[in-house]
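Undergrad: Okay, predicted coordinates and the sequence, questions at the end:
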Amino acid sequence: MIETLLAGLDAALRIDTFVWISGGLLLGMLMGSLPGFTTSMGMSLLVPISFLVGDPLIGIPFLIGVYKGGIYGGSIPAILISMPGTGASIATVLDGYELTKKGQARKALEMGLYASVISDLCSDIFTLVMIIPVAAIVLGFGPPEIASIMFLSLVIIAVTSTGSVIKGLLMLCLGVWFGFVGADPFSGMPRYTFGTNELYDGFHLIPMLIGLFALPEIFNAVKEGDISGSSVGRFVGERLRFDELKKSLRTIGRSTVIGTGIGLIPGLGQPIAAMMGYIAAKNASKHPENFGKGELDGVAGAEAANNAVNGPTMVPLLTLGIPGDAVTALLLGAFMMQGLRPGPALLETNGEIVFAILIAMVIANFLFLVLGYISIPLFARVVTIKRSLLIPVTIMLAFSGTYLARSNPFDIVTLLGFGLVGIAARSAKFDVAPMVMGFILGRELEYTFGQTLALAGTDWVHFALTERIGMTVVVLATPIVGALLGVRMSRFRQRALKGGQA
Amino acid sequence: MSIGDFRSVIRSRFPCDRRSIRLPAILFLVGIVLFRLSVVHAQYPEKPITLVTPFAAGGSSDLNARVFTSFLSGYLGQTVLIKLVPGQAGQKGTLEAVRSAPDGYTLLFTDNYRDQLHKYTFRNDAYDTNRDLVPVARVNYGQIGIIVRTDGVYETWAQLEADARARPGEISMSHSGLWVALFVPMLQLMKDLDLSFRMVPYRGGGPAKAALLAGDADVSMAFPATVVADVEAGLIRVLATAGSERILEGVPSFAEIGLSPTTGYIHRVVMAPIGITEGRLRILREAFAQMQEEEAYRQMMTQLGENTEYLDGADYEALRIQQSNDYQELAQSLLDQ
């Protein structure tokens, strides 16, 4: 094992590998920062380059660079123009854009970068060292376990939402209901589609995100009246200070653990990790009332958690040849086209290449730090653009991004619809984040719950109590966790209220 | 300034006599005429071709398309761009291709289930694949196999079949989603052999295989290429493979276990909207035929675990009719239940 690792290290330390990773990171960042252009679309576009290069130690690290860059790139429009380009940046937008409004865009971007790099580095090293022991655990998470974790996540999101719990619950339920629109995943029967073909696949996440988060901001800016001359800030803003980063290190550490754990379980993914990281940061904070109003810790918690997912998703791919999502499916294809067949034997036959690729993932983080550091002042310049120019461009990005996601003109209608929902929710002081999470989780929960029922057959009591203890424990613990968190959050709310009166 | 003055100015600036200017002028005119002619008789294709793929990014069909378009571009002299239009189990992308101009610049990458089965299962009357699409080429095909875990109880198909008869509806079978590559042959298997399995859906072939490995499902199906590594590692056993010939030593074919020899095939096909001119269709078909000679293409497909059993579009047409009849029967029998 150690020898293979050293051989891998030897193979990975190549200047051309570094150059290609950097290229991948830059491309990924650019693609990720285009709303609607998802990481999997970008990677699928670049797969031919990776296999035509013909060297697995160039082609695959290149794609991994695109992946990492893409996940971070999504946070750039989320922070700067309140437009989460991918599901992974849902939680980043909550505090990131507030910081931009306060003139601290550069700080937010840098916090996002450092949090991403630190957590990604830790989770990659974890993957590198633990890949063999952890591989055995991964298969233990089937639909019943995933369903129970989704259920727990829904409850946690409901009780910790900003503002009134009732309003949070309502939005969550609304989101879950939106998730039901479209074909039933088990029979293919259309639901709530009003006989239209357009709604057969249900709503798409991208128009929902852009509609709920970006359109209300545009509306607000236009409502304010004269915007001709002003810009959000005159300078790109201050850098992140070291003591600010140091204060957030605990949050980054916590989110890294959460993200790594979620990444190990196939099928949960970045949006859930980011939200859980954000909520954990809020819950542990001494000032939870500042979250949602421009708290650096919020950005750190979300960004660290979504990037920590990247490393562990490679475990089932490399050890079992099982891709958990579209990104790893593309990587599987890239491996196979290089003549490497991910699976149980790959570590034995081509162990050094596997480790070289994992080491390249670790190295990619350092390159990422440098590239991000150089490019952030450029991106942060967005805030110095006159709003009379920035707002039309933002509108254009909102519409083109929506169309880009799946070339469906109907999504423009959906975008406008969710824009109205967002504007209404904002004026009535409803938090839209639980709605988005309800949408994402509700669908998945329905699917995994259906799978669980199919697996359990008729004797579900036996199934729950003997075969799936883990699921049963999580389901039973959920109300307790929910109640404890709920009490804690309401205490914070009361304190904040008193503080406000004093 | 009069025109005469202007001429004299020009002549004084660019002194030349008429004879010396004649040859370049003639050449210039001939050039223009040739250019115009070449535009009129330009060889198709003269701009990039769009290949609509009704699949999500990252699936096996997407990867297949990425490989063959990279090579096909060289034979057509134009880039072949992939446009992903996923949705409605492939109906959205198909509709987009059907509705595009039949000028040979929009093609569709599809498979036999989306081409011939879905019209019966989804009852979409926006298009009719047989009326609206003409095959350009079958890129390759995949043959499915029935798989179990090696540490499970089944060593042969006969054992599994006997157990399934004894416990109808109790043996769980993981598949990759409704009406696609694993689901359809499973339905055909249950219908033709009068068996009943408990079908558990997963999002794609990878998770369906994971469910088998984890012990959540008792049986699954897979294209042999996706389980080669697991078979070599001694984790998965193949009990039967599609077709009338055996492709693995000691493993019966579908024909031997009582299934139709056409069951369990996925054909990956490139289609063009009907109305495309004979000439353009021929250029496309020839490009596909020439690409088969390319060693790098064959090697890349082999590494991806796919074959390169190319079939000309005209020859594939006959298979389509056969499929259509089989699937109509299958869909009818399900609707009768």
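TA: Okay, I see it. All values derive from a computational prediction rather than experimental measurement.
Undergrad: Can you classify whichever residue of chain A sits closest to chain B by secondary structure?
TA: Of all residues in chain A, residue A:343 sits closest to chain B, with a separation of 2.6 Å (CB to the nearest CB). C-beta coordinates here come from the backbone N, C-alpha and C atoms, glycine included. The local conformation at residue A:343, judged by DSSP: H, G, I helix; E, B strand; the rest coil, is coil.
Undergrad: Which residue is the nearest non-sequential neighbour of it?
TA: Distances taken as CB to CB, 6 or more residues apart in numbering or on different chains place residue B:229 nearest to residue A:343, at 2.6 Å, with adjacent residues excluded.
Undergrad: helix or strand for that neighbour, which one?
TA: Residue B:229 is part of helix B:224-232, with elements assigned from DSSP states H and E.
Undergrad: what's that helix packed up against?
TA: strand B:145-149, helix B:205-214, strand B:236-241 (3 or more CB pairs under 8 Å, 6 or more residues apart in numbering or on different chains; DSSP states H and E).
Undergrad: out of those, nearest to chain A?
TA: For the helices and strands packed on helix B:224-232, proximity to chain A was assessed by CB to the nearest CB; helix B:205-214 is nearest, at 4.1 Å.
Undergrad: what helices or strands is the closest one leaning on?
TA: helix A:314-320, strand B:145-149, strand B:172-175, strand B:219-222, helix B:224-232, strand B:236-241.
Undergrad: The third one vs chain A: in contact?
TA: Yes - using CB under 8 Å from any CB of the partner chain as the criterion, contacts between strand B:172-175 and chain A involve residue B:172.
Undergrad: what's the average pLDDT for that strand?
TA: Strand B:172-175 carries an average pLDDT of 94.
Undergrad: which residues are contacting it?
TA: A:454-455, A:457, B:182-183, B:186, B:197-202, B:207-209, B:211-212, B:216-221 (CB atoms under 8 Å, 6 or more residues apart in numbering or on different chains).
Undergrad: What is the neighbour count of residue A:65?
TA: Using other CB atoms under 10 Å in any protein chain shown, residue A:65 has 29 other residues around it.
Undergrad: Who are the contact partners of it?
TA: A:20, A:21, A:22, A:23, A:24, A:25, A:27, A:28, A:364, A:367 are the contacts of residue A:65 under CB under 8 Å, 6+ apart.
Undergrad: give me the element the spatially closest residue to residue A:289 that is not a sequence neighbour is part of.
TA: The shortest distance from residue A:289 to any non-neighbouring residue, by CB to CB, 6+ apart, is to residue A:496 (3.8 Å). Using DSSP H and E, residue A:496 falls within helix A:469-501.
Undergrad: Which one of the residues in chain B is closest to chain A?
TA: Counting by CB to the nearest CB, chain B gets nearest chain A through residue B:229, at 2.6 Å.
Undergrad: hang on, the residue nearest to residue A:343 packs against residue A:347?
TA: No - counting by CB atoms under 8 Å, residue B:229 does not reach residue A:347; the two are 11.0 Å apart.
Undergrad: want to try JSON lines for the helices and strands packed on helix B:224-232, with mean neighbour count and mean pLDDT as columns?
TA: Output for the helices and strands packed on helix B:224-232, formatted as JSON lines (neighbours: other CB atoms under 10 Å in any protein chain shown; pLDDT from 0 to 100):
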{"stretch": "strand B:145-149", "mean neighbour count": "24", "mean pLDDT": "96"}
{"stretch": "helix B:205-214", "mean neighbour count": "25", "mean pLDDT": "88"}
{"stretch": "strand B:236-241", "mean neighbour count": "23", "mean pLDDT": "95"}
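Undergrad: give me the number of residues near residue A:423?
TA: 19.
Undergrad: Take the helices and strands packed on helix B:205-214 and lay them out in TSV including distance to residue B:62.
TA: As requested, these are exported to TSV (distance: least, CB to CB, whole Å):
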stretch	distance to residue B:62
helix A:314-320	16
strand B:145-149	22
strand B:172-175	19
strand B:219-222	18
helix B:224-232	15
strand B:236-241	24
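Undergrad: Ok, which of these comes nearest residue B:47?
TA: Closest to residue B:47 of the helices and strands packed on helix B:205-214 is helix B:224-232 (CB to CB; 35.1 Å).
Undergrad: got the CA positions of that closest one in PDB?
TA: What follows is helix B:224-232, C-alpha atoms only, in PDB (Å, rounded to 0.1, in the frame of the first residue of the first chain):
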ATOM      1  CA  PRO B 224     -21.500  -7.400 -19.800                       C
ATOM      2  CA  ALA B 225     -19.100  -4.500 -20.300                       C
ATOM      3  CA  THR B 226     -20.300  -2.800 -17.200                       C
ATOM      4  CA  VAL B 227     -19.700  -5.900 -15.000                       C
ATOM      5  CA  VAL B 228     -16.500  -7.300 -16.500                       C
ATOM      6  CA  ALA B 229     -14.400  -6.000 -13.600                       C
ATOM      7  CA  ASP B 230     -16.900  -7.500 -11.000                       C
ATOM      8  CA  VAL B 231     -16.900 -10.800 -12.700                       C
ATOM      9  CA  GLU B 232     -13.100 -10.900 -12.800                       C
END
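Undergrad: what's the average pLDDT for it?
TA: Mean pLDDT, computed over helix B:224-232, is 81.
Undergrad: Ok, stretch B:82-100 next?
TA: For stretch B:82-100, the mean confidence score works out to 86.
Undergrad: so how far is it from its chain's centroid?
TA: Put simply, stretch B:82-100 sits 13 Å off its chain's centre (CA atoms, centre = their mean, to the nearest Å).
Undergrad: Quote the end-to-end distance of it.
TA: 15 Å (CA to CA, to the nearest Å).
Undergrad: ditto for stretch B:197-208
TA: Note: stretch B:197-208 ends 15 Å apart using CA to CA.
Undergrad: what does stretch A:132-145 give?
TA: So stretch A:132-145: terminal residues 22 Å apart, CA to CA.
Undergrad: who in the stretch 201-337 of chain B is up against chain A?
TA: Contact residues, the stretch 201-337 of chain B versus chain A (CB under 8 Å from any CB): B:201-204, B:206-207, B:209-211, B:213-214, B:216-217, B:226, B:228-230, B:232-233, B:235, B:300, B:303-305.
Undergrad: Buried subset of the residues you listed as a ChimeraX selection?
TA: Selecting the buried subset of these in ChimeraX, with 16 or more other CB atoms under 10 Å in any protein chain shown as the burial test, is done by:
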select /B:201,202,203,204,206,207,209,210,211,213,214,216,217,226,228,229,230,233,235,300,303,304,305
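Undergrad: Fine by me, thanks again.
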